[in-house]
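# The sequence and its predicted three-dimensional model are supplied below.
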Amino acid sequence: MSKIPYIVTIILVLLAGISAILVQTWTGFVYFAMTFAMLLSLFWGVWLIYKFYTEFKTELEENFKFYKAEIINKKQITTDYFNENENAFKKDYHKKMKKYKILHWLKVLLCFSIVGAFIASMIIY
């Protein structure tokens, strides 16, 4: 499952490259090259959304364990005190992770804006 994005990326980049090279023989291959590039961006947008809902949230929960250890060591507090106030610490952790969530969704937005740019360029060309 982890090799799927690499395989799809390689195939679509090769097809887009071949289509771009074949533009010299027939200008209609421009549409094929743009379509393959658009499909690549669309795939990555959907893949990032899939990864967010399947793995990204579990990664955040796993990283909370490291955050817990870091807070206990930095602030010199006991584990019992941390467990008693875990909701407050989780709230602070989620505030710090908000930046990573926003960056993740900006990557998804970038992928779909590239799709829109390719659709617009196909219409204009």
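Yep, it's here.

# Got the phi and psi for residue 119?
phi -60, psi -40 (degrees, to the nearest 10).

# what number of residues lie near it?
Counted with other C-beta atoms under 10 Å, the neighbours of residue 119 add up to 13. Using the backbone N, CA and C atoms, a C-beta is placed for each residue, glycine as well.

# I'd assumed residue 38 was in contact with it.
Yes - using C-beta atoms under 8 Å, residue 119 makes contact with residue 38 at a distance of 6.8 Å.

# in this structure, which residue is closest to the centre?
residue 48 (3.7 Å; C-alpha atoms, centre = their mean).

# Distance from the helix or strand hosting that one to the middle of the chain?
For residue 48, the enclosing helix or strand under DSSP states H and E is helix 29-51. Chain-centre distance of helix 29-51: 13 Å, with C-alpha atoms, centre = their mean, to the nearest Å.

# what is the rounded mean pLDDT of it?
For helix 29-51, the mean per-residue pLDDT is 95.

# Provide the contact partners of it at residue level.
With contact meaning C-beta atoms under 8 Å, 6 or more residues apart in numbering, helix 29-51 is reached by 5, 8-9, 12-13, 15-17, 19-20, 22-23, 104, 107-108, 111-112, 114-115, 118-119, 121-122, 125.
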